[in-house]
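*Asks:* make a model of this:
(one chain, ligands or ions: 1)
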Amino acid sequence: MGFGTFVYNQLVVQPPLPSLSFADQTVIITGSNTGIGLETARHIARLGAHKIILGVRNLSAGETARQDIETSTGRPNACEVWHLDLASYDSVLTFADKALSLPRLDALIENAAVATKLFHLADGGYEHSLTVNNISTFLLALLLLPKLQQTAHSFPSRFHPPHLTILTSQVHAWPQFPQWKDPRGVFTALSDPRTAHMDERYPVTKLLGVLLTRELVSQIKTKMEPNNPPVIINMVDTGFCHSQLSRENKGVEELAFNLFKRLFARTTEVGARTVLAAASAGREAHGGYMVNGVVATEAVSGFVCSEDGKTAQKRVWEELGGILEGVRPGVMGGLK
Ligand SMILES: NC(=O)c1ccc[n+]([C@@H]2O[C@H](COP(=O)([O-])OP(=O)(O)OC[C@H]3O[C@@H](n4cnc5c(N)ncnc54)[C@H](OP(=O)(O)O)[C@@H]3O)[C@@H](O)[C@H]2O)c1
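*Replies:* This next block holds a predicted model:
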């Protein structure tokens, strides 16, 4: 995306206020105690969802968010706060097992992410932000996909097939990403402290998210009726928004970034509108990359669409599959 398009999107385009009902639906939103996730939960409460599960790593922040959403929307008891720390596989497995016992799950909105330049390893031995933004995000997706599919069969709706919506960003187009060729594997190479370039780590995780979502869609496509996905899987770029994402910035970097935000950032409420558009989009949005609330295939980076990108996509998926099978044997079988 060129700078002109960026400025136009940020300052001129205003995605419409979401109005499609979520009545009767159960929705999970990860990282919904603050930022875009919080405003997404608020919109979904306003639109009448039966139950909104706030998946948060900090329960007291989640409780504050719950009270804020319920008071501002006049929807007491609309939300539940569940613990979810994506840096811990045990936490993801516990969360998913609990979610599998829900009567229905209409949308899983995978919003939580971290942007850090500090290198440290998380549970499982991979770099922390890869674990949070990619490995655990897809672990949760694969564990709950059968529940979304089951909801599609048990509660058929002409307007609202269940959705798996993954938050991405235009910054996925920034990194060079030579690690896709590393014979050790991408996650292993990116978790090597000697060669990790943490300055571009957040964009790399967003690129991996795009590659993995596209491969997930292509794996499922071969196993379902063409043009009739029981679950709509898509990606959304919210545009540049005010939020806590850059919380680690300090000094001059913080000043410069805050000035840039003041000039160009959307409110988190407006960013959340684009998430709602993705989580209520029709079948035409399956596999799609959405910007400003509409499918925008042209916004996917040149690398992702290239032959190298397609090879990288397969490699990353295969490697992820091996990692996830180590965490919960059989999890990749949910695709069958
Ligand atoms: N802001 C933007 O300009 C922008 C643009 C495009 C896409 N996005 C995407 O939008 C999504 C939301 O970001 P945001 O801007 O709203 O950022 P944010 O305000 O920092 O919110 C991120 C959320 O993720 C949670 N989180 C972080 N690590 C976690 C972990 N280990 N386990 C569970 N939850 C965790 C945070 O919880 P804590 O509060 O406990 O840290 C917080 O609730 C992200 O996927 C981001 O990549 C943002």
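*Asks:* how about the strands in the stretch 151-300 of the chain?
*Replies:* 163-168, 232-237, 289-291, 294-295 (DSSP state E, counting those that start in this stretch).
*Asks:* sheet partners, orientation included, of the third one?
*Replies:* In other words, strand 289-291. strand 232-237 (parallel), strand 294-295 (antiparallel) (DSSP bridges).
*Asks:* over to the first one?
*Replies:* Using DSSP bridges, the neighbouring strands of strand 163-168 in the sheet come out as strand 107-110 (parallel), strand 232-237 (parallel).
*Asks:* report the buried residues of the one helix or strand residue 321 maps to.
*Replies:* Using DSSP states H and E, residue 321 maps to helix 307-327. For helix 307-327, the buried set under the neighbour-count rule, 16 or more other C-beta atoms under 10 Å, comprises 309, 312, 313, 315, 316, 317, 319, 320, 321, 323, 324, 327. No exception for glycine: its C-beta is placed from N, CA and C like everyone else's.
*Asks:* near the ligand, which residues of the stretch 151-300 of the chain are found?
*Replies:* Among all residues of the stretch 151-300 of the chain, those adjacent to the ligand (criterion: C-beta under 6 Å from any ligand atom) are 167, 169, 237, 238, 240, 241, 243, 244, 245.
*Asks:* got a winner among those residues for most neighbours?
*Replies:* residue 238 (29 neighbours; other C-beta atoms under 10 Å).
*Asks:* excluding residues flanking it in the chain, which one is nearest it?
*Replies:* Nearest residue to residue 238, sequence neighbours excluded (C-beta to C-beta, 6 or more residues apart in numbering): residue 271, at 3.7 Å.
*Asks:* quick one, what contacts the one you found?
*Replies:* Neighbouring residues of residue 271 by C-beta atoms under 8 Å, 6 or more residues apart in numbering: 36, 39, 238, 239, 241, 243.
*Asks:* what about residue 163, how many residues nearby?
*Replies:* With neighbours defined by other C-beta under 10 Å, the count for residue 163 comes to 23.
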